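What shape does this take:
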Amino acid sequence: MKLIGARQAWTDSQHESNASITAVASEKAESASKIRRSRITRHEVVFPALGDEEEERVLMARQRISISETRRTPLGRSTARAAHLVTMGKIQHAIGTLPFQVEQLGHFLYHPCMTMQHVMNAEKLILADTDLSTMTTAKAAKARCLVTIALQSYKATITGAPEWGPARVAESMKAFYGAAIEPKHWDRDWLALWEQLKAVIHARDTEAQAPVWQVIHAEKDESAA
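Okay, here's the model as predicted:
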């Protein structure tokens with residue numbers, strides 16, 4: 001496993017990176033015996049006549065192959081594969097030391113197979129850190145919906161996409177929850193909450209990544225030594 005960063009390591013540690021069908025085919029092609037013209041000979045093969053058919057003679061190619069050309073390391077049994085599994089285990093153990101909902105937020109952001117459980121716990125974690133006490137009941141209800149949208153926007157930004165703007169947020173609120181907010185009143189009604197949610201999500205994301213970074217630094221120090 002290449003330990004480029006905590007986010008990448010988190011994703012890679014959550015699934016078995018077994019070779020795909022294409023990768024297996026590619027490896028077999030690379031490790032297959034190479035035909036050398038100097039070692040190819042042609043021999044005449046005679047197919048006897050059967051019944052009313054005539055005898056048939058066909059030239060066939062034969063190749064001598066050394067036993068060393070047929071040996072290769074079986075898939076999944078290499079030293080590199082073993083090292084990969086050890087590193088996966090270390091990352092998974094580090095993730096498991098996190099508080100449950102922080103771990104679930106990390107899975108929401110980085111797990112290759114995100115589930116509704118991850119979504120619900122991530123929302124609950126961020127909502128618990130967000131102060132809605134000064135809002136009216138109607139606005140607080142929309143604010144709770146906005147948590148989901150903020151999480152989705154944040155998840156997009158960490159993959160290099162731009163942050164969602166007021167129009168995208170309003171469209172998603174309507175599509176997800178049937179709740180209407182006015183983009184033209186964004187700065188007045190929702191900007192402060194949006195910035196608060198971004199800060200809370202970032203802080204919890206940093207918390208989630210911390211033990212994974214510890215493993216990465218330890219692995220690099222060990223390699224350097």
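
mind checking how far the closest residue to residue 107 other than its chain neighbours is from residue 167?
Excluding the flanking residues, the one nearest residue 107 by CB to CB, 6 or more residues apart in numbering is residue 118, at 4.4 Å. C-betas here are computed from N, CA, C, even on glycine. Separation of residue 118 from residue 167 (CB to CB, to the nearest Å) stands at 27 Å.

now residue 192
Taken as CB to CB, the span from residue 192 to residue 167 is 18 Å.

cool, and residue 91?
Distance from residue 91 to residue 167, counting by CB to CB: 38 Å.

Those two - which one has more neighbours?
Each of residue 91 and residue 167 has its neighbours counted (other CB atoms under 10 Å); residue 91 has more, 23 against 11.

In contact with that one, which residues?
By CB atoms under 8 Å, 6 or more residues apart in numbering, the contact set of residue 91 is 1, 9, 10, 12, 13, 212, 215.

From those, keep the buried residues only.
Buried by 16 or more other CB atoms under 10 Å: 1, 9, 10, 12, 13, 212, 215, out of the contacts of residue 91.

so where does the second one fall, helix or strand?
The one in question is residue 9. If you go by DSSP states H and E, residue 9 is part of helix 6-13.

Now do the domain split for the protein, please.
In the assignment given by automatic domain parsing, the structural domains of the chain cover 8-14+79-224, 21-70.
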